[in-house]
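Trainee: What follows is a predicted protein model with its sequence.
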Amino acid sequence: MTKNTLSITDNRTGQTYEIPIEHDTINAMDLRQIKVNPGDFGMMSYDPAFKNTASTKSTITYIDGGKGILRYRGYPIEQLAEKSNYLEVAYLILFGELPTKAQYDQWEYDILHHTFVHENIKQLMHVFRHDAHPMGMFIATVAAMSTFYPEGRDIMNEAERLKQIQRLIAKVPTVAAFSYRHSRGLPYVYPDNDLSYTGNFLNMLDKMTEVKYKPNPVLERALDVLFILHADHEQNCGTAAMRVIGSSHTDPYTAMAGAAAALYGPLHGGANEAVLRMLLEIGDVKHVPEFIKGVKNRERLLMGFGHRVYKNYDPRAKIIKQIADQVFAETGRNPLLDIALELERIALEDDFFVQRNLYPNVDFYSGIIYQAMRFPIAMFPVLFAIPRTVGWLAQWVEMLKDPDQKIARPRQIYLGPDVRDYVPMEARG
Ligand code: CMC
């Protein structure tokens, strides 16, 4: 007879414990009963990078890393990228269902009519150094927004929560665009609420003297699809940061600044920037074999390759490769593409990469598209953070509503000195 339990025999004591299994998972607290002596703390599990630890139950995003599957609320990413738009996907991710026409119209109106930022936020951004990294500006400004909306601290009030969510989704493109204009020494452009979410973002980036900015429809759609692909990715480093910070009941602006800070690193959302710098450094297809040799000698990483979860292929990278052709038809082909294709070709044939299941991830090709669209390299992580805002917020709300969640507080295995007496300075060797 089969039972949905796990039997563990502690060979130190010979005692057997029967632990319930739910969703192929055991509850770590059930290990605590395993002790040698009654006064012991009890057994814990050790998992420094959360490689095999579920920190939550979630209904938002499903990934099967072996099969290369990504779904938001059950809908395959391929269908959403082909048929939907970013704001509709944002609604889906937040509320769990695709909107009706009336719901979508209201949602779109609510987002497009919260795009302006307080003039003091503009002034605040203005004081950054001329060469400040846009992601540093983005993180600092999102954190500063908490001081403009103190009611955001009322996190258990559903109406207030929704207001801050709308504000954040609406205003992050404005903050991102201001950071870009700042780095170029250009005047900031105010939002145009007649345009789409991505059309308005392009407007705030590119508008010069024209009375009405008209976004290029191909680039507007390409950016929208890129936003769909980046909207959520379950419990990654940035999202885990959002949940951990949010678990102390801080406001969503402060928590999101922390999530964006986690995203900034080159192993996470900063990888798109690192890929471009790597391609520029390689400089020519003929240098690719030498570069790969360096990677295999462990002198460096092949940025844009590998993933904690995807061990077959990253479905987002596949879609991005298709968008690249449409973008290059408008902008001209990015010459770095040849280097990227050669890197991919060699890596996919090489045992080092094959044995370790290393495939191109979302960041391998996104930077090449962003560069063709004339975004400065330093803007790439910001382009990741704009659409990820909805993922962070949806996961934050899910965490707040989840009765299983408490303030995040991992355990440690203490390996430092045992108790010892303070030694006066003159007596220290
Ligand atoms: N280049 C060379 N070797 C690599 C790479 C790489 N990009 N990624 C992993 N490896 C090797 C690694 O050295 C290890 O080898 P060994 O087992 O011999 O020590 C093996 O592959 C397994 O790697 P790992 O470090 O245990 O894998 P991880 O799950 O801890 O790390 C990762 C995942 C994404 C941080 C890592 O693959 C990496 O650093 N990639 C480059 C940065 C990058 O592209 N990040 C973007 C990720 S996708 C966007 C996002 O969602 O954040």
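Mentor: Perfect, I can see it now.
Trainee: and the residue of the stretch 251-400 of the chain at minimum distance from the ligand, how many residues sit next to it?
Mentor: Residue nearest to the ligand within the stretch 251-400 of the chain: residue 306 (2.3 Å; CB to the nearest ligand atom). Quick note: C-beta positions are derived from backbone N, CA and C, even for glycine. Residues near residue 306, counting by other CB atoms under 10 Å, number 20.
Trainee: That one contacts residue 361, correct?
Mentor: Yes: between residue 306 and residue 361 there is a contact under CB atoms under 8 Å: 6.7 Å.
Trainee: For residue 313, see how far away the residue of the stretch 251-400 of the chain closest to the ligand is.
Mentor: To residue 313, residue 306 is 12 Å away according to CB to CB, to the nearest Å.
Trainee: Pull up the overlap in contacts between the two.
Mentor: Residues touching both residue 306 and residue 313 (CB atoms under 8 Å, 6 or more residues apart in numbering) are residue 359.
Trainee: Doesn't residue 63 belong to a strand?
Mentor: Yes: according to DSSP: H, G, I helix; E, B strand; the rest coil, residue 63 belongs to a strand.
Trainee: In this structure it contacts residue 233, no?
Mentor: Yes: shown here, residue 63 and residue 233 form a contact pair, counting by CB under 8 Å, at 7.3 Å.
Trainee: which neighbours do these two share?
Mentor: With CB under 8 Å, 6+ apart, residue 63 and residue 233 have common neighbours residue 70.
Trainee: Give me the neighbour count for residue 87.
Mentor: By other CB under 10 Å, 23 other residues sit near residue 87.
Trainee: What of residue 335?
Mentor: Neighbours of residue 335 using other CB under 10 Å come to 12.
Trainee: what's the answer for residue 390, then?
Mentor: When counting by other CB under 10 Å, one arrives at 26 neighbours for residue 390.
Trainee: quick one: the strands in the chain?
Mentor: Taking DSSP state E, the strands of the chain run over residues 5-10, 15-20, 61-64, 69-72, 75-76.
Trainee: for these, which one ends up most surrounded?
Mentor: strand 69-72 (a mean of 21; mean count of other CB atoms under 10 Å).
Trainee: centre of the chain versus that one, how much separation?
Mentor: Put simply, strand 69-72 sits 15 Å off its chain's centre (CA atoms, centre = their mean, to the nearest Å).
Trainee: tell me what that strand is packed against?
Mentor: Contact here means 3 or more CB pairs under 8 Å, 6 or more residues apart in numbering; DSSP states H and E; on that basis strand 69-72 packs against strand 61-64, helix 77-83, helix 86-95, helix 315-331.
Trainee: ok, now with 10 Å
Mentor: Strand 69-72 is packed against strand 61-64, helix 77-83, helix 86-95, helix 315-331, helix 380-401, with contacts defined by 3 or more CB pairs under 10 Å, 6 or more residues apart in numbering; DSSP states H and E.
Trainee: Give me the buried positions along the longest one.
Mentor: So the one you mean is helix 380-401. Going by neighbour count (16 or more other CB atoms under 10 Å), the buried part of helix 380-401 is 380-400.
Trainee: restrict these to those near the ligand?
Mentor: Applying CB under 6 Å from any ligand atom, the subset of the buried residues of helix 380-401 adjacent to the ligand is empty.
Trainee: Not counting its neighbours along the chain, what's nearest whichever residue of the stretch 51-200 of the chain sits closest to the ligand?
Mentor: Nearest to the ligand in the stretch 51-200 of the chain, going by CB to the nearest ligand atom, is residue 51, at a distance of 7.3 Å. Once flanking residues are discounted, residue 51 sits nearest to residue 308: 7.5 Å by CB to CB, 6 or more residues apart in numbering.
Trainee: and what of residue 343?
Mentor: Spatial nearest neighbour of residue 343, excluding adjacent residues (CB to CB, 6+ apart): residue 288 at 5.7 Å.
Trainee: Retrieve the pLDDT associated with residue 348.
Mentor: Among the per-residue scores, residue 348 shows a pLDDT of 89.
Trainee: which residues touch it?
Mentor: Applying CB atoms under 10 Å, 6 or more residues apart in numbering to residue 348 gives the contacts 305, 313, 354, 358, 359, 360.
Trainee: Could you rerun that using 8 Å?
Mentor: Residues near residue 348 by CB under 8 Å, 6+ apart: 354, 359.
Trainee: again, but for residue 417
Mentor: Contacts of residue 417 (CB under 8 Å, 6+ apart): none.
Trainee: Okay, it and residue 46: tell me how far apart.
Mentor: Where residue 46 is concerned, residue 417 sits at a distance of 21 Å (CB to CB).
Trainee: ditto for residue 341
Mentor: Separation of residue 341 from residue 46 (CB to CB): 41 Å.
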